[in-house]
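Asker: following is a predicted model, sequence given first.
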Amino acid sequence: MPRALAIVPLLLATLGGAAAQKPPPPSPEARAVEALPPVLGAFRRGGAVMDYERQPGGAGYGASVRYLPANGERMLVTVYLYDGGRPRGPDGARGGDLFRELASAAGELDETVRRGRYRAVEPRGGMSVGEGTDGGVRCNLFRIVQPDGRTTGDSVCMAIHDGRFVKVRVTAEDPPGETGAGLIGADLVSRVRNARAAGTAPR
């Protein structure tokens, strides 16, 4: 009996350690991304939500999820929601926060070349939809040479909504190329923003 009683504190300590190792709950950004519609336009969700906020050093990086074309086209879409560590504004595709973040995204692509992720990244200008309004979207377009030598058209489209960046990255085979990728990205940014505004995705 005394031996059995002596084991009790060890069991309690073990259970307490297991409770302490319980993973933290999803971040608000991850919950918002998880609640996005499973279908956005012609795209269906293609994977689990990545919660960067809960990773070491990931504060401010938000969360992301991939979407794939329902018709089987060779295209990849990634939706991001984040604030970079503080509330952003104004809504739409205007203001310093938005332009600085677009420039940062272009710099990140250049860095991928230096790291060997891509052979080359060529900027191909930009485009905007609804510029100067709360519903505006702005995109940067790129021509990218993949590691296997294939060339893809890419876009990074972005807007601010409710204090966070809504960013959509599209990688598309030719056609539709970078211009088509930009049009698709701008449409998906609007769809994500509308879903959040309609209350189908938590803020």
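Answerer: Right, received. Where do you want to start? Every value quoted in this text rests on a predicted model; they were computed, and no experiment measured them. Residues are numbered from 1 along each chain as shown.

Asker: first vs last residue of stretch 75-92, how far apart are they?
Answerer: 26 Å (C-alpha to C-alpha, to the nearest Å).

Asker: which residue is nearest the middle of this structure?
Answerer: Residue closest to the mean C-alpha point of the chain, counted by C-alpha atoms, centre = their mean, is Tyr80 at 1.6 Å.

Asker: quickly list what Arg45 is bridged to.
Answerer: Tyr67 (DSSP bridges).

Asker: pretty sure Gly185 is in a strand, no?
Answerer: No. Gly185: not assigned to a strand; according to DSSP: H, G, I helix; E, B strand; the rest coil it is helix.

Asker: find the helix or strand that the nearest residue to it once chain neighbours are set aside is a member of.
Answerer: Distances taken as C-beta to C-beta, 6 or more residues apart in numbering place Cys157 nearest to Gly185, at 3.3 Å, with adjacent residues excluded. To be clear about C-beta, it is placed using only N, CA and C from the backbone, and glycine gets the same treatment. Using DSSP states H and E, Cys157 falls within strand 151-161.

Asker: how about that strand: buried residues?
Answerer: Within strand 151-161, the residues scored as buried using 16 or more other C-beta atoms under 10 Å are 152-161.

Asker: just to revisit the earlier point, tell me if I am right that the residue nearest to the centre of the chain is in a strand.
Answerer: Yes. Counting by three-state DSSP, Tyr80 falls inside a strand.

Asker: quick one: mean pLDDT for stretch 131-142?
Answerer: What stretch 131-142 shows for mean pLDDT is 89.

Asker: meant to ask about stretch 72-84
Answerer: pLDDT averaged over stretch 72-84 gives 94.

Asker: what comes up buried for it?
Answerer: Applying 16+ other C-beta under 10 Å to stretch 72-84 flags 75-84 as buried.

Asker: so how far is it from its chain's centroid?
Answerer: 6 Å (C-alpha atoms, centre = their mean, to the nearest Å).

Asker: rewinding a little: of the buried residues of stretch 72-84, closest to Arg138?
Answerer: Ranked by distance to Arg138 (C-beta to C-beta), the buried residues of stretch 72-84 are led by Tyr80 at 14.8 Å.

Asker: flag the shaky bits of this protein, pLDDT-wise.
Answerer: Applying pLDDT under 70 to the chain flags residues 1-21, 200-203.

Asker: strands of that one, start to end?
Answerer: 39-40, 43-45, 50-51, 63-69, 75-82, 120-129, 137-145, 151-161, 164-172 (DSSP state E).
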